[in-house]
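K.L.:
Please work out how this folds:
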Amino acid sequence: MMLSVRSLVVLVLCMISFPGFAQSSKVYEVLKGEVSFRSEAPKELISASSDQLRGLIDIQKRTFAFKIPMSSFLGFNSKLQQEHFNENYLETNVYADATFRGKIVEDVDLSKEGEYTVRAKGQMSIHGVQAERIVQADVRVKNGTLSISSAFTVGLSDHNIKIPRLVFEKLSSEIKVALSATLKPKI
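P.N.:
Below you'll find the predicted structure:
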């Protein structure tokens, strides 16, 4: 079936006039994202960060998926500390990524400008072990951009990460995590 030019113009005008007829993408992707962590133990403070956060949020379905390569963290106190992080504790050669997938709990319309506090509920996978988590996040919607920030703790035992007795006072069993990300509509 061939459409005339006039029929095609009418079809396009109908699509523009009736927003439900052809919906634009409601999926946002991370353009810039950073995750940092701190271990505050009695004998040592360890901190590192990565700017390799990737992720998507479907604002219509209120679903999300984030991923970060664990070997991308930098800023340790020493190369040896970074090596122990990757080889002994997180085994990044086997468990390359940490992920968090799930749904935004609140019924918010993230297509509208404003500031929102939401809870993200889903499965967090670190060191190959999934744990259900609810993480609070602040979301700012402005000029078609989502800005997200969050701070939460991760228990090492929740993800089967063992602390050797030798370094028990140098590594906290609860790790403080901070996340910030800027997302734009996926094209």
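
K.L.:
from here on, contacts and neighbour counts on C-alpha atoms
P.N.:
Noted.

K.L.:
Outside of stretch 127-145 itself, list whatever touches it.
P.N.:
With contacts defined as CA atoms under 8 Å, 6 or more residues apart in numbering, stretch 127-145 is touched by 90-92, 95, 97-98, 110-125, 146-152, 158-161, 182-185.

K.L.:
Can you tell me the closest non-neighbouring residue to S172?
P.N.:
Leaving aside its chain neighbours, S172 sits nearest to A41 (4.7 Å; criterion: CA to CA, 6 or more residues apart in numbering).

K.L.:
give me phi/psi at that neighbour?
P.N.:
phi -100, psi 160 (degrees, to the nearest 10).

K.L.:
Might you report the residue contacts of it?
P.N.:
169-172.

K.L.:
ok, now how distant is the nearest residue to N86 once chain neighbours are set aside from D107?
P.N.:
Leaving aside its sequence neighbours, N86 sits nearest to T92 (CA to CA, 6+ apart; 5.2 Å). For T92, the distance to D107 equals 36 Å [CA to CA, to the nearest Å].

K.L.:
Y89 too?
P.N.:
Counting by CA to CA - Y89 and D107 are separated by 38 Å.

K.L.:
repeat for H127
P.N.:
31 Å.

K.L.:
Show me what whatever helix or strand A181 lives in pairs with in its sheet, parallel or antiparallel.
P.N.:
Using DSSP states H and E, A181 sits within strand 174-185. Sheet pairing for strand 174-185, assigned by DSSP bridges, gives strand 27-41 (antiparallel), strand 145-155 (antiparallel).

K.L.:
From the rest of the structure, what touches that strand?
P.N.:
Against strand 174-185 from outside (CA under 8 Å, 6+ apart): 25-40, 53, 144-156.

K.L.:
just how off-centre is it within its chain?
P.N.:
6 Å (CA atoms, centre = their mean, to the nearest Å).

K.L.:
and that strand, what's its mean pLDDT?
P.N.:
In this model, strand 174-185 has an average pLDDT of 97.

K.L.:
for the closest residue to L45 other than its chain neighbours, what are its contacts?
P.N.:
The shortest distance from L45 to any non-neighbouring residue, by CA to CA, 6+ apart, is to S39 (5.7 Å). Going by CA under 8 Å, 6+ apart, S39 touches 45-47, 171-172, 174-176.

K.L.:
change it to 10 Å
P.N.:
45-48, 170-177 (CA atoms under 10 Å, 6 or more residues apart in numbering).
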